[in-house]
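> Dropping a prediction and its sequence here:
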Amino acid sequence: MSFLRKKLDALKKPFGKGQKWERYAPAINAFDTFLFVPKHTTHTGAHIRDAVDLKRTMVTVIIALVPALIYGIYNTGYQYYIQTGEAFTFLDAFIHGSMKIVPMIIVSYVVGLTIEFIFAVYRGHEVNEGYLVTGLLIPMIMPVDIPLWMVAISVAFAVLIAKEAFGGTGMNILNPALTARAFAFFAYPTYMSGNKVWVSEASNIDGISGETILGTLAAGGNVNYSFFEMFQGAVPGSIAETSALFVLVGAIILVATGIGSWRIMIGSVIGAAFVGILFNLWGANPLMSFSWVNHLVVGGFAFGVVFMATDPVSAAQTNKGKWVYGILVGVFCILIRVFNPAYPEGVMLAILLMNVFAPTIDHYVIQGNINKRKKRWASALKTA
Amino acid sequence: MSTGIRIRKGASINLKGKAEKILSDAAPSKTYALKPDNFFSIVPRMMVKEGESVAKGAPVFHSKEDPRIIFVSPVSGLVKEIVRGAKRKILKIVIDKKNNESVAHKIPSTKSMDRKKVTEILLNSGAWSFIRQRPYGVLADPDITPKSIYVSTYASAPLDVDFDFLLKNNKEDFQNGINVLNHLADDQVKLAVDNSFSGFFEKIKGVEFLSVNGPHPAGNVSVHIHKHNPINMGEKVWEVRPEDVANIGMLFSSGEFSANRTVAVAGESVLQPQYLKTTIGAELSSLTDVSGYDDTVQNRFINGDVLSGTAESSDGHLDYFNNLLSIIPEGDQYRMFGWLPFVDNAIPSLSKTSLSWLFNKKGYSVNTNMNGEERAFVVTGEMEKVFPMNIFPMQLLKACMAGDIEKMEALGIYEVIPEDFGLIDYANTSKIEAQEIIKEGIELMIKEVG
């Protein structure tokens, strides 16, 4: 360890204070602090600090994403092989999926981190860890056959417009990963919807039936999957969103470590279930009569609620606000699914919509606290 | 009469090196120091020069804003040095202890005592400096009558003292001090005691008891005021530390300024953590000569607790108010891959991304490492978990950073002082310096609103 440390210190020398590459220090620091927690000591305020930092927080989210990612890679291969009708093993499916998805992840990280590094150097602050999560989320919510250059452009759009334009990590209004998906969705609709994009190399296979469940329902068709298949996730869809089971594993990791807000997750489920039950009672079309329980496990609902809606920066920040925000995400998700067949996947739009309203929700929660205090002041003046 | 205050949010961090209940005398200290910075927002005007002799209780400097507020020498001797920093700011006045002269004050009989008399004696003797005022934690304004006076005998910070033990030989002085303070406010002194064990304090007369229960910051006066009778705009509340109540009591029984300070020397680096009797401003070495400390490692000496105290060099002096000297190892080492969840579990963590709660039994070893780097506000909800007041801490911090005075007022800046954000400093993921931000916010409030 001390050998590596010495090497690193020697390497960092030209980036030190007053040295010629001082400006680029954030870039080398990002690599250094990836290996070692720095030896900085406290100088103002509390003399001791908690072991948790933003790196640890973000890495925990990545760990929570891994089960869904691995299943997503497998499912990509699985969907391909059952459509072609070839015999295959788990490994075959996994390798086929990896060939598709690993390049997307690499493109996402390379493009996104390059922009992050440039902004860190330009602004003179350290590289924030937020993109480690965003960069993994973006490929996980894309259709498998989206060309890599579209991934790159979506990533660039999300990081530049959704994040850096607002001041960088911690300042953004919209969730950057969802912004990337929304950008791709509206810029390249033919690659983002229909029945040819959800299965790997679907355009090369004849007689494909690779429609997503929600797409089928929106078109008025019948769904031939059982609840368990939908829950387990062996269905066509964006890469890692299909398996509610493995998203649930991630949710348990996030809630147990205290990183993800259980208030938002439970709130969303309550909101979606409530609206789902109402529509079930109404039952005017296949989407309405689609059981509310199934609504919770199909499409991106589970993935969005667990990993996107809980993004602390773009969600509501007060505890009461988180309940309201969560419930409304659930409500709007089902509303959009049912009433807007052009966008069968409602969760993306529901979360982006609520991202915009999160500061308003917080405003009213905080205003409640302020009004209480001012009322107390007024009554104290009266009695005085 | 007693009011219960029960706190759920917060955290008591159990550290190694808690002071044992042994009370002995500190080694003799050659010099004593007064530090104007110990009195928030006071600008000092010197009343003595270097080389002049001062008796115990003789004025050394006064407040520029209110010359009636004087700060007196804790011992008799010669003014050895006036240490100045940048822009000639006075950092400390060092007094070489010599002979035993002291200033005597005439104390009228208890019957003829009234608010005016008490104020006059406190101001003339220099003991006024023991009384601090909320909002802001500045020294009390002699011209007003406070809504209430609070005394907290429940110290909840890591390694903090047991005031029942610390004041066991000063029960009468404490009662006298309470009687004196009761002249200053319209209602009785509010005495906060530990609800599980209040010791001799439960026999104190002429007070309203606040029976406090819960983790740190349950001992903070801000929390007591907030739960008992929160400060409204324009109201003033005073606070006196328990040992200073006894010091005031002694002043009124003996006629001499009393500068007693009993200090618990604690922390992992201390060889024999214990309570030592000394005087305000004594050299730290006079304490560590008795308690000893591990000098094979780099240590940090902290006047106060590890969350809100001030760092001091090993050859420095005690601060004015602290009953605790914490000594912990510095943490200037690298930790490889230390950012992974569930590694380095020996470091105490309130986050569930660490298994440190399994290692709580014997107390934690801590050092001064940041355990990460400062980042933008990202994680939400974690500050609220350690902040037991009905105030939005993150929003208040942001208002302070933006310098938005109206917002700061509305969000409760009058009800907090920096030490209430000690645990937030400690616990927040982004390593935001919350106490510093609040301090700057309060300075802005004093400048703009007064």
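Yep, it's here. Numbering: from 1, shown residues only, chains lettered A, B, ... in the order given.

> what number of residues lie near residue 339?
Since you didn't name a chain, this refers to chain A. Look at A:Phe339: counted by other C-beta atoms under 10 Å in any protein chain shown, it has 12 neighbours. All C-beta spots, glycine's among them, are computed from the backbone N, C-alpha and C.

> my bad, chain B
Neighbours of B:Trp339 (other C-beta under 10 Å): 27.

> Tell me who's in contact with it.
Shown in contact with B:Trp339 (C-beta atoms under 8 Å, 6 or more residues apart in numbering or on different chains): A:33-34, A:37, A:53, A:55-56, A:59, B:372.

> For the nearest residue in space to it that is not next to it in sequence, give me phi and psi.
The shortest distance from B:Trp339 to any residue other than its chain neighbours is 3.7 Å, reached at A:Lys55 (C-beta to C-beta, 6 or more residues apart in numbering or on different chains). A:Lys55 adopts backbone torsions of phi -60, psi -50, taken as degrees, to the nearest 10.

> Roughly how far does A:Lys55 sit from A:Gly130?
The gap separating A:Lys55 from A:Gly130 is 11 Å, by C-beta to C-beta, to the nearest Å.

> neighbour-wise, which of the two wins?
Set side by side, A:Lys55 and A:Gly130 show more neighbours around A:Gly130, with 26 against 23, by other C-beta under 10 Å.

> And for residue 18, the neighbour number?
Going with chain A. Other residues within reach of A:Gly18, judged by other C-beta under 10 Å, total 5.

> To clarify, I was referring to chain B.
By other C-beta under 10 Å, neighbour count at B:Lys18 equals 18.

> what's it sitting at in phi/psi?
Dihedral angles for B:Lys18 - degrees, to the nearest 10 - are phi -70, psi 140.

> what residues are up against it?
By C-beta under 8 Å, 6+ apart, the contact list for B:Lys18 reads B:159, B:266, B:273, B:363.

> and the residue of the stretch 51-200 of chain A found nearest chain B, what is it in contact with?
Proximity of the stretch 51-200 of chain A to chain B (C-beta to the nearest C-beta) peaks at A:Asp53, 2.5 Å away. Going by C-beta under 8 Å, 6+ apart, A:Asp53 touches A:37, B:339, B:371-373, B:375, B:429-431.

> Which positions in stretch A:149-168 come out as buried?
Residues of stretch A:149-168 classed as buried by neighbour count (16 or more other C-beta atoms under 10 Å in any protein chain shown): A:150-159, A:161-164, A:168.

> Stretch A:169-183 now?
Neighbour-count burial for stretch A:169-183 flags A:169-170, A:172-183 (criterion: 16+ other C-beta under 10 Å).

> ok, the residues you listed vs B:Pro36, which is closest?
A:Gly170 (37.3 Å; C-beta to C-beta).

> Just give the nearest non-adjacent residue to the closest one, would you?
Nearest in space to A:Gly170, with sequence neighbours left out and distances taken as C-beta to C-beta, 6+ apart, is B:Ala376 at 3.0 Å.

> before we move on, what SS does the one you found have?
coil (DSSP: H, G, I helix; E, B strand; the rest coil).

> and what of A:Ala234?
Quick answer, by three-state DSSP: A:Ala234 is coil.

> how near is it to B:Leu350?
Using C-beta to C-beta, A:Ala234 is found at 40 Å from B:Leu350.

> returning to what we had before: strands - which of the contacts of A:Asp53 land there?
A:Val37 (DSSP state E).

> Which pair of the contacts of A:Asp53 spans the longest distance?
Among the contacts of A:Asp53, A:Val37 and B:Ser430 lie farthest apart (C-beta to C-beta), at 15.0 Å.

> neighbour-wise, which of the two wins?
A side-by-side neighbour count of A:Val37 and B:Ser430, using other C-beta under 10 Å, places A:Val37 first with 26 against 20.

> That one contacts B:Arg335, correct?
Yes. Counting by C-beta atoms under 8 Å, a contact exists between A:Val37 and B:Arg335, whose distance comes to 4.3 Å.

> which neighbours do these two share?
B:Asn369.

> tell me the contacts of B:Val449?
By C-beta under 8 Å, 6+ apart, the residues touching B:Val449 are B:405, B:409.

> got the end-to-end distance for stretch A:221-235?
Taking C-alpha to C-alpha, to the nearest Å, stretch A:221-235 runs 16 Å from one end to the other.

> among the buried residues of stretch A:149-168, which are in helices?
Using DSSP state H, A:150-157 are the members of the buried residues of stretch A:149-168 that sit in helices.

> Save the residues you listed as a markdown table, and put in distance to chain B too.
Converted to a markdown table, these look like this (distance: C-beta to the nearest C-beta, whole Å):
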| residue | distance to chain B |
| --- | --- |
| A:Met150 | 28 |
| A:Val151 | 25 |
| A:Ala152 | 26 |
| A:Ile153 | 26 |
| A:Ser154 | 23 |
| A:Val155 | 20 |
| A:Ala156 | 21 |
| A:Phe157 | 21 |
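
> Which of the residues you listed sits closest to B:Asn303?
Closest approach between those and B:Asn303, by C-beta to C-beta: A:Val155, at 50.6 Å.

> separation between that closest one and A:Val197?
Distance from A:Val155 to A:Val197, by C-beta to C-beta: 19 Å.
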